[in-house]
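[1] quick one: sequence plus predicted model below, questions after.
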Amino acid sequence: MSGEGSIFKRSDGRWVAAVSIGGRTTRRYQRRIRRTRGEALAALNELKADRLSGTRVSKLSLGEYLRAWLDDSARPTISANTFRGYEDVIAHLEPIADVPIAQLTAEDIERCCNAMVTKRGKVAQPLSPKTVRNAQVLLRRALGQAAMRGHVRRNVALEAPLRRVPRQRRPAITPADAKRILGAVTGDRYEAAFALALIGLREGEILGLAWDDVDLVAGTVLVMHELVGSGPNAVRQQLKTLASEATVPLPPFVVDQLRAHLARQRAERPIAAIDGGLVFVTAKGYAVNGSWFTKHFQSLLERAGLPRMRVHDLRHGAATLLVGAGVHPRVAQQLLRHATSKTTMDIYSHVSAAQEREAAIVLNRLIGDSPGDSPRTPASSGNGVPSGQS
């Protein structure tokens, strides 16, 4: 009878699980070859379950499936920068790329993750815990879709616990720190760009800013795009979230820097000749590469003897400066364009040591002993026994 199935031993000692599908004229067989009778019996039960549930297990390898999933399913729903990041993550999964997706196990995923954090070969470097976790999250998403569509029986990526990512304390930038950083970049071609980062703009937003978005009279910039790619192939892309789009007011010192930057740029070439009318371009008029931009910033800091940091750390510092100055979290949220004020406080704002000491002094003034006071003792009830213990 169709669908009943059977197991039998081959002449080479291996076992075959087989299930027939279709009627008498259209009958075909699904087979699985296993080493032992027990494995063949388990495979037979899986074939029967697949037939009953309508599951049609994919024959693709993990690498083939992820590539197809990324191109056909993920690409239309994510930004170009996220797409490039997914491509990098899939490259890190190369050790298990040849494993058939239907045979992938949680142990396969764990072994691959372990290999990521150890040095492999003479060139490859260990990957960060965050990168490993990103790979696990991508697998969960991709295999979740595969399970939903019946390409695999279950999402085995859910069976591999997500790797822990150690928390990193962002540098708390004080007003004195901010002035030293601005001093380190003074006279640089991208001085105004670093100033924009210090008032809360993201790197991609700065590099994707066009002169049409800048109003030097009103002292504002319209943030709606980010730069994707670099050089002649770079494009401006709309920001991922509506909350990120806003007209951002500029402090006068940033307006002055942008005016000076515009004058230098006009001296080099007409604005119309610059690709896309971008505010920040290379000496040849091309869009600026984000990775190079960060490295250039770090070289300026090193030259000035300042601690190493990322361009994005300046955005973190902007939140620190705002909260430290007593600006309400809701206002800081709007300036930094976070979805919620909780993000502003929990992720980006860090109280400096000076603020902590000031808070301790306030608490001491409110509830502590004044200098010179003797230690307080429980009040006596008159018979030598503290009140409440007689």
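    Here it is on my side, so go on.

[2] give me the pLDDT value at the closest residue to A210 other than its chain neighbours.
    Leaving aside its sequence neighbours, A210 sits nearest to G277 (C-beta to C-beta, 6 or more residues apart in numbering; 4.7 Å). Bear in mind the C-beta positions are built from the backbone N, C-alpha and C, glycine included. The per-residue pLDDT reported for G277 equals 86.

[3] number of residues surrounding G277?
    Counted with other C-beta atoms under 10 Å, residues neighbouring G277 total 15.

[4] in the stretch 251-390 of the chain, mark out all the strands, start to finish.
    Applying DSSP state E, counting those that start in this stretch to the stretch 251-390 of the chain gives no strands.

[5] residue ranges in it under the pLDDT threshold?
    Applying pLDDT under 70 to the stretch 251-390 of the chain picks out residues 269-276, 346-356, 369-390.

[6] so what does the lengthiest helix in the chain touch, helix or strand wise?
    When the chain is parsed with DSSP state H, its longest helix is helix 129-148. With contacts taken as 3 or more C-beta pairs under 8 Å, 6 or more residues apart in numbering; DSSP states H and E, helix 129-148 sits against helix 62-69, helix 80-92, helix 106-116.

[7] and the contacts of the very next helix or strand once past it?
    On the C-terminal side of helix 129-148, the nearest following helix or strand under DSSP states H and E is helix 175-185. For helix 175-185, the external contacting residues (C-beta atoms under 8 Å, 6 or more residues apart in numbering) are 171, 173, 191, 194-195, 198, 297, 300-301, 303-304, 306, 314, 317, 321.

[8] after helix 175-185 comes which helix or strand?
    Following helix 175-185 in sequence, per DSSP H and E, is helix 191-198.

[9] list the helices and strands whichever helix or strand comes after that following helix packs on?
    Where DSSP H and E defines the elements, the next helix or strand beyond helix 191-198 is helix 203-207. Under the contact criterion of 3+ C-beta pairs under 8 Å, 6+ apart, helix 203-207 touches helix 191-198, strand 225-228, helix 290-303.

[10] list of residues touching helix 203-207?
    81, 193, 196-197, 223, 225-228, 239, 244, 278-280, 287-288, 290, 293-294, 311-312.

[11] if we can go back for a sec, any idea which of the helices and strands packed on helix 129-148 scores lowest on pLDDT?
    helix 80-92 (a mean of 87).

[12] now that one, how far from the centre of its chain.
    Helix 80-92 has its C-alpha centroid displaced from the chain centroid by 11 Å (C-alpha atoms, centre = their mean, to the nearest Å).

[13] what comes up buried for that helix?
    N81, Y86, V89, I90, H92 (16 or more other C-beta atoms under 10 Å).

[14] ok, residues contacting that helix?
    Outside helix 80-92, the residues touching it (C-beta under 8 Å, 6+ apart) are 63, 66-67, 70, 74-75, 78, 116, 127, 131, 134-135, 138, 204, 226, 228-229, 235, 237, 240.

[15] now, of those, which are buried?
    Applying 16+ other C-beta under 10 Å to the contacts of helix 80-92 flags 63, 66, 70, 74, 116, 127, 131, 134-135, 138, 204, 226, 228-229, 237 as buried.

[16] that older thread, is it possible to get JSON lines of the helices and strands packed on helix 129-148 that adds distance to I361?
    Formatted as JSON lines, the helices and strands packed on helix 129-148 follow (distance: least, C-beta to C-beta, whole Å):
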{"stretch": "helix 62-69", "distance to I361": "56"}
{"stretch": "helix 80-92", "distance to I361": "45"}
{"stretch": "helix 106-116", "distance to I361": "47"}
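
[17] tell me which of these sits nearest to A260.
    Nearest to A260 among the helices and strands packed on helix 129-148 is helix 80-92 (30.0 Å), distances taken as C-beta to C-beta.

[18] now the angle from that closest one to helix 62-69?
    170 degrees (axes from the mean of the first three to the mean of the last three C-alpha atoms, to 10 degrees).

[19] now helix 80-92 against helix 129-148, angle please.
    Using the same axes, to 10 degrees: helix 80-92 against helix 129-148 is 90 degrees.

[20] just the CA atoms of helix 80-92, as PDB, please.
    This file holds the C-alpha atoms of helix 80-92, laid out as PDB (Å, rounded to 0.1, in the frame of the first residue of the first chain):
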ATOM      1  CA  ALA A  80      22.000  47.200   1.200                       C
ATOM      2  CA  ASN A  81      24.400  47.600   4.200                       C
ATOM      3  CA  THR A  82      22.600  44.800   6.000                       C
ATOM      4  CA  PHE A  83      22.700  42.600   2.900                       C
ATOM      5  CA  ARG A  84      26.500  43.000   2.700                       C
ATOM      6  CA  GLY A  85      26.700  42.100   6.400                       C
ATOM      7  CA  TYR A  86      24.700  39.000   5.800                       C
ATOM      8  CA  GLU A  87      27.100  38.000   3.000                       C
ATOM      9  CA  ASP A  88      30.000  38.300   5.400                       C
ATOM     10  CA  VAL A  89      28.200  36.200   7.900                       C
ATOM     11  CA  ILE A  90      27.500  33.500   5.400                       C
ATOM     12  CA  ALA A  91      31.200  33.400   4.500                       C
ATOM     13  CA  HIS A  92      32.000  32.600   8.100                       C
END
